[in-house]
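Peer 1: here's my sequence, what's the structure:
(one chain, ligands or ions: 2)
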Amino acid sequence: MSTQAPKLQNTRLLRDKAYINGEWVGGSKTFDVFDPATGNKLGSCPDLGISETQSAIQAAHAAFPTFSRLPARQRSNILRTWFNLMHENKSDLARLCTLENGKPTADATGEVTYAASFLEWFSEEAVRIYGDTISSSTPTSRIITLKQPVGVVGLMTPWNFPLAMLTRKVGPALAAGCTVVVKAPSETPLSALALAELAEKAGVPRGVFNVITTHEHTAEIGKELCENPTVKKVSFTGSTNVGKLLMKQSSSTLKKLSFELGGNAPFIVFDDADVDEAVAGAVASKFRSSGQTCVCANRIYVQRGIYDQFVEKLTEKVKGFKVGNGLEEGVTHGPLIHGNAVDKVQKQVEDAVKKGGKVLIGGKKAEHLGPNFFEPTVIRDMTDDMTLCSEETFGPIAGIFPFETEEEVVSRANAADVGLAGYFFSKDLGRIWRIAEGLEVGMVGVNTGLVSDVASPFGGIKESGFGREGSKYGIDEYQVMKSVTFGGLKPLKL
Ligand SMILES: NC(=O)c1ccc[n+]([C@@H]2O[C@H](COP(=O)([O-])OP(=O)(O)OC[C@H]3O[C@@H](n4cnc5c(N)ncnc54)[C@H](O)[C@@H]3O)[C@@H](O)[C@H]2O)c1
Ligand SMILES: O=CCCC(=O)O
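Peer 2: Ligands and ions are numbered 1, 2, ... in the order given. Here you go, the predicted structure:
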């Protein structure tokens, strides 16, 4: 197959080698990277294995003493420069992101801004690392706490936000003084390598930021990062099943862990809501990145009194979508990442229809556009025995479930193993507090379909994982607290 290499203004951003210890490193084997919209080959990357991963870990280990002792202001300046470089190269980064992930240019451009915001935010947090002074139980002692970088960190990021999921981890890691080894997703490694090019330009010292690319050896490299005793922390974003495996593997070295895993977000619309606002929120939450975000609405519960109205208005909005190649003008929704994702949503639709769901729009593959396209779909009369209720869709399927009472909907919303995001629309202040407190999730959107913001703590509960990213809390994940007790202190004699 011939290669249709991305055409970029800054050609240095297009890299076909991994980045270890400040060097671009090839491998004896490579894997291909494809455009999910066209199936075209975009390029190839080294299919690296355990030995290169160990080299990267060693490089990060060697870089740690110097980097962690840099004045925080210097680390802050490096992150700020990296942030500026992302903005200077915004259109190229967005193009790469669209080409390897499929999301439309406007979304990809939004992702660059979102991704860069984590570098900016944590450049600001780097210089605001504080400890406490604590009264001791012993009159002649005093206690203080220090926050120190945890050490070498292994980062494993997914394909759905090739830039932002990386910067949301690497920003706080470097701010805290950690050094990192990134395992880039095999679907979208080019964005991670473009970030490495900018990191080097921003002055990130060699060995501090390493990017391993792999396809065949994904599981082995994941295991190495979890089991290697030099790595002190692992942060992973991806599916719950892989998260469980990595947690098991990490038990051998008792690593500090952060996991941002799958969701199954309830999106609840009460009778007293503004229906138009709720529909706009549902469109934003459900169909963002063609449904491929971990915080996408998965189960849309609408109270009986406004059910028909909501369903009709949502269907009308979906009619206005333009599905296609994300590089084309006016396209609002791109393809899914690969054929398996398409097959999964197809099966969920078939299951819903078999059990009584009615498809109002979409419901099938959009094969005329390419093998990875699925029509944005609205299904009404959903019931809780359908697969779509218990399994994260990760696709453009809006299944709408009717409900009668507040108590009923909260108990149905909470009947999930996972708890990442949840949304609801209501104008009743008392109800707003009850539901916000009652939903078993890590993030709640009240009268909004979007909760993603650098300033807001991002993460889940239950089997959606643990740890928080972004916000003032994100840096804690990369730090360890040390208490220091000063003894033998004589009191002042007055
Ligand atoms: N939380 C999120 O943002 C997120 C992102 C992507 C996928 N998902 C979930 O995962 C489902 C399937 O998507 P997927 O197949 O890409 O998810 P996945 O969990 O299999 O893959 C996500 C990332 O983990 C890596 N990975 C896979 N197996 C690994 C292993 N053994 N060790 C280390 N890394 C490993 C992959 O290379 C990828 O980079 C989706 O339907 C969705 O539910 C969630
Ligand atoms: O899909 C995972 C993260 C999405 C987001 O940050 O909004």
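Peer 1: what residues does the stretch 51-200 of the chain put near ligand 2?
Peer 2: Taking CB under 6 Å from any ligand atom, the part of the stretch 51-200 of the chain that reaches ligand 2 is made up of 160-161. Using the backbone N, CA and C atoms, a C-beta is placed for each residue, glycine as well.
Peer 1: residue nearest the centroid of the protein?
Peer 2: Taking CA atoms, centre = their mean as the criterion, residue 165 is the residue nearest the geometric centre of the chain, at 4.4 Å.
Peer 1: helix or strand: which one has that one?
Peer 2: Assigned by DSSP states H and E, residue 165 belongs to helix 164-176.
Peer 1: same check on residue 317?
Peer 2: In this structure, residue 317 sits in helix 307-319 according to DSSP H and E.
Peer 1: just checking, next helix/strand downstream of that helix?
Peer 2: helix 339-354.
Peer 1: identify each buried residue in that following helix, please.
Peer 2: 341-342, 344-346, 348-349, 351-352 (16 or more other CB atoms under 10 Å).
Peer 1: return the member of those residues nearest to residue 12.
Peer 2: residue 341 (31.8 Å; CB to CB).
Peer 1: re the thing from before, what mean pLDDT would you report for the helix holding residue 317?
Peer 2: Helix 307-319 comes out with an average pLDDT of 98.
Peer 1: one step back: helices or strands up against the helix holding residue 165?
Peer 2: Using 3 or more CB pairs under 8 Å, 6 or more residues apart in numbering; DSSP states H and E as the contact test, the elements touching helix 164-176 are helix 72-88, helix 105-125, strand 152-156, strand 179-183, helix 189-202, strand 231-237.
Peer 1: so which elements touch the fifth one?
Peer 2: What it means is helix 189-202. Against helix 189-202 (3+ CB pairs under 8 Å, 6+ apart) you get strand 18-20, strand 41-46, helix 72-88, helix 90-101, helix 164-176, strand 209-212.
Peer 1: what separates the first one from the chain centre, distance-wise?
Peer 2: Its chain's C-alpha centre lies 22 Å from the corresponding centre of strand 18-20 when counted by CA atoms, centre = their mean, to the nearest Å.
Peer 1: repeat for the second one
Peer 2: Here the centre of strand 41-46 is set off from its chain's centre by 23 Å, with CA atoms, centre = their mean.
Peer 1: contacts for that strand next, please.
Peer 2: Strand 41-46 is contacted by residues 1-6, 14, 16-18, 25-27, 29-35, 52, 99-100, 186, 189-190, 193, 213-214 when judged by CB atoms under 8 Å, 6 or more residues apart in numbering.
Peer 1: which of those residues fall in strands?
Peer 2: Under the assignment DSSP state E, the contacts of strand 41-46 contribute 18, 25, 30-34 to strands.
Peer 1: filter those down to the buried ones and hand me the ChimeraX line.
Peer 2: Buried residues among these (16+ other CB under 10 Å), as a ChimeraX selection:
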select :18,25,30,31,33,34
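Peer 1: same question for stretch 429-443, mean pLDDT?
Peer 2: Stretch 429-443 comes out at a mean pLDDT of 98.
Peer 1: tell me the contacts of the residue of the chain found nearest ligand 2?
Peer 2: Of all residues in the chain, the one sitting closest to ligand 2 is residue 452 (3.2 Å; CB to the nearest ligand atom). By CB under 8 Å, 6+ apart, the contact set of residue 452 is 114, 295, 458.
Peer 1: that'll do, ta.
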